[in-house]
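[1] sequence unavailable; structure follows:
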């Protein structure tokens with residue numbers, strides 16, 4: 001197929017493709033043109049659109065191309081004057097009453113071989129699926145030639161100033177914390193470290209150079225990509241290490257012993273801090289694949305918890321309904337709607353630092369205290385690859401499946417909201433979920449011990465391979 005005629009489809013969080021395959025300037029501007037036509041067709045001619053980009057090779061030039069195409073559709077386009085986190089663009093968009101949406105050129109946590117195109121709505125959250133479907137239908141076969149004028153603006157300055165005002169600067173300064181920051185060569189370079197220094201922390205940043213290959217790592221705040229940060233925390237005697245993914249919408253924390261905390265621990269820690277230290281309240285919204293740690297923490301704090309299908313778009317829909325204190329998706333992205341209807345890794349990192357400072361406890365103590373309060377759980381995911389026909393057959397069968405047991409255990413609840421999820425009396429659970437875009441079945445499980453968890457995973461994967 002001619003490269004210019006590639007079919008472009010949005011996944012759960014934007015369009016992503018390899019640089020040596022479909023992610024080309026031609027396809028990016030085709031998508032931008034369709035987006036501009038859709039926005040203009042919705043009566044938004046003259047409305048403002050923000051455009052941002054991450055640190056990937058050529059992302060700045062692609063952002064300018066996208067801006068020119070959108071401007072040619074009659075939109076007032078403002079482009080960030082530097083690489084910036086996705087939440088910074090989302091925040092700017094949400095606070096501009098003239099804005100209809102935003103575009104961010106980023107592939108988030110994916111390796112340097114990928115590029116990505118994210119669309120955000122006027123509130124900074126993900127664009128509705130129905131709108132993205134419309135954009136897909138408008139993608140032309142050839143790239144447009146028209147370009148319009150756009151404005152280059154400082155997005156980062158106001159965003160970072162706002163972040164500084166969201167946390168207790170006096171408590172942080174008094175704690176005298178020594179923090180290592182790892183932006184993983186991504187859009188968070190120079191952002192979090194600078195804010196922490198202005199708040200009185202001794203902050204050191206690593207992986208902050210401009211490298212086309214990201215130094216051989218994926219900008220994902222998880223092992224093994226977090227190994228260098230973990231080693232540096234141990235060697236340097238830091239109180240904590242903070243990592244950001246490629247577009248800084250997710251964060252992770254390394255304790256003083258150089259051990260990265262699971263995102264399934266980080267989210268309930270943040271929730272506890274918001275409620276117990278800040279006095280906030282509201283609903284908690286999470287996806288089916290999030291940890292029972294969050295469920296138990298919400299119950300302990302007396303908060304209503306709402307569970308939605310996998311993906312942040314479902315969380316966002318609940319946020320729009322109101323009274324949401326915290327929204328979390330399965331990969332560790334956390335949104336605090338009082339700040340932004342989008343995940344923000346920098347805010348999460350700052351809240352964790354504030355928690356350490358206010359409670360006077362180390363990260364390992366905080367994690368141990370959480371497990372003492374809600375119990376111990378162990379989480380894992382496996383992927384089972386099938387051919388396309390088998391994957392589709394599984395999608396057809398799952399809605400009617402109600403197994404009486406799994407790994408010798410009887411479920412107390414069966415859900416077909418997004419695949420097949422079985423929940424057991426001790427809050428253990430397993431979820432079988434075919435991918436929407438690939439011939440793969442994702443199997444998630446959590447239980448009090450690794451052995452019990454693996455038994456559930458083994459039995460579920462066996463059923464998937466056997467065609468259920």
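    Looks like it arrived, so ask away. Quick caveat, the model's predicted, so the values are computed rather than measured.
[2] identify the residues contacting the residue nearest in space to the middle of the chain.
    Most central in the chain under C-alpha atoms, centre = their mean is residue 333, positioned 4.0 Å from the mean C-alpha point. Going by C-beta atoms under 8 Å, 6 or more residues apart in numbering, residue 333 touches 249, 250, 312, 343, 345. All C-beta spots, glycine's among them, are computed from the backbone N, C-alpha and C.
[3] where's the dip in pLDDT among those residues?
    The lowest pLDDT within the contacts of residue 333 belongs to residue 312, which sits at 93.
[4] quick one on the thing from earlier: if you rank the contacts of residue 333 by neighbours, which is first?
    When neighbours are counted by other C-beta atoms under 10 Å, residue 249 leads the contacts of residue 333 with 34 neighbours.
[5] is that residue in contact with residue 108, as I believe?
    Yes - at 7.0 Å, residue 249 and residue 108 qualify as touching, with contact defined as C-beta atoms under 8 Å.
[6] tell me the SS of residue 369?
    Under DSSP: H, G, I helix; E, B strand; the rest coil, residue 369 falls in the helix class.
[7] picking up where we left off before, which residues do residue 249 and residue 108 both contact?
    residue 86.
[8] show residues contacting stretch 369-388.
    With C-beta under 8 Å, 6+ apart, stretch 369-388 has contacts from 262, 264-265, 268-269, 272, 289, 291-293, 296-297, 300, 361, 394, 427, 439-450, 453-454, 457, 461, 464-465.
[9] again, 6 Å this time
    Residues outside stretch 369-388 that contact it (C-beta atoms under 6 Å, 6 or more residues apart in numbering): 264, 269, 291-293, 296-297, 439-444, 446, 448, 450, 453, 457, 461, 464.
[10] list buried residues within the residues you listed.
    264, 269, 291-293, 296-297, 441-444, 446, 453, 457, 461, 464 (16 or more other C-beta atoms under 10 Å).
[11] in this protein, what secondary structure element scores lowest on mean pLDDT?
    When the helices and strands of the chain are compared on mean pLDDT, DSSP states H and E, helix 388-397 comes out lowest with a mean of 88.
[12] can you name the element that comes right after that helix?
    Per DSSP states H and E, the first helix or strand lying C-terminal to helix 388-397 is strand 413-415.
[13] sheet partners, orientation included, of the helix or strand immediately after that next one in the chain?
    Where DSSP H and E defines the elements, the next helix or strand beyond strand 413-415 is strand 420-423. When pairing is defined by DSSP bridges, strand 420-423 lines up against strand 413-415 (antiparallel), strand 429-434 (antiparallel).
[14] what's the angle from the least confident helix or strand of the chain to strand 429-434?
    Angle of helix 388-397 versus strand 429-434, following axes from the mean of the first three to the mean of the last three C-alpha atoms, to 10 degrees, is 130 degrees.
[15] centre of the chain to helix 388-397, how far?
    28 Å (C-alpha atoms, centre = their mean, to the nearest Å).
[16] in it, what counts as buried?
    Under 16+ other C-beta under 10 Å, the buried positions of helix 388-397 are 390, 391, 394.
[17] check contacts around the last one.
    Applying C-beta under 6 Å, 6+ apart to residue 394 gives the contacts residue 434.
[18] quick one: it and residue 425, what's the gap?
    Distance from residue 394 to residue 425, counting by C-beta to C-beta, to the nearest Å: 27 Å.
[19] next: the second one.
    Summarising the geometry, the distance separating residue 391 from residue 425, computed by C-beta to C-beta, is 31 Å.
[20] where in this structure is pLDDT low?
    1-5, 468 (pLDDT under 70).
[21] how is this protein carved up into domains?
    3-155, 165-374, 378-465 (automatic domain parsing).
[22] for the last one, measure first residue to last.
    Read that as domain 378-465. In domain 378-465, first residue to last residue: 24 Å (C-alpha to C-alpha, to the nearest Å).
[23] from residue 93, how far out is residue 113?
    28 Å.
[24] quick one, strands of the stretch 101-250 of the chain?
    Counting by DSSP state E, counting those that start in this stretch, the stretch 101-250 of the chain has strands at residues 114-121, 151-153, 178-182, 202-205, 240-244.
[25] which ones are touching the closest residue to residue 120 other than its chain neighbours?
    In this structure, residue 120 finds its nearest non-sequential neighbour in residue 102, 4.2 Å apart by C-beta to C-beta, 6 or more residues apart in numbering. Residue 102 makes contact with 50, 89, 93, 120, according to C-beta under 6 Å, 6+ apart.
[26] just these: which are in strands?
    50, 120 (DSSP state E).
[27] make CSV out of the contacts of residue 102 and add distance to residue 435 and neighbour count.
    Listed next are the contacts of residue 102 as CSV, based on distance: C-beta to C-beta, whole Å; neighbours: other C-beta atoms under 10 Å:
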residue, distance to residue 435, neighbour count
50, 31, 28
89, 28, 30
93, 30, 28
120, 24, 26
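[28] which one of the contacts of residue 102 sits closest to residue 194?
    Of all these, residue 194 sits closest to residue 89, with 18.1 Å by C-beta to C-beta.
[29] just checking, the closest one touches residue 51?
    No - under the criterion of C-beta atoms under 6 Å, residue 89 is not in contact with residue 51, lying 7.6 Å apart.
[30] show me where the stretch 101-250 of the chain has its helices.
    129-138, 156-164, 169-175, 192-198, 227-236 (DSSP state H, counting those that start in this stretch).
[31] closest to residue 321 out of those?
    Here helix 129-138 is closest among those (C-beta to C-beta), at 16.7 Å.
[32] residues near the nearest residue to residue 55 once chain neighbours are set aside, how many?
    In this structure, residue 55 finds its nearest non-sequential neighbour in residue 83, 4.7 Å apart by C-beta to C-beta, 6+ apart. For residue 83, the count of nearby residues is 25 (other C-beta under 10 Å).
[33] list the contacts for residue 83?
    Residue 83 touches 53, 54, 55, 187, counting by C-beta under 6 Å, 6+ apart.
[34] go again with 8 Å.
    52, 53, 54, 55, 59, 60, 187, 189.
[35] so it: helix, strand or coil?
    Under three-state DSSP, the three-state class of residue 83 is coil.
[36] what separation is there between it and residue 237?
    Taken as C-beta to C-beta, the span from residue 83 to residue 237 is 31 Å.
[37] with residue 374 instead?
    Distance from residue 374 to residue 237, by C-beta to C-beta: 30 Å.
[38] so for those two, which sits in the more crowded spot?
    residue 374 (22 against 9).
[39] now the more buried one, nearest residue through space, not along the chain?
    That would be residue 296: by C-beta to C-beta, 6+ apart, it lies 3.8 Å from residue 374.
[40] nothing else from me, thank you.
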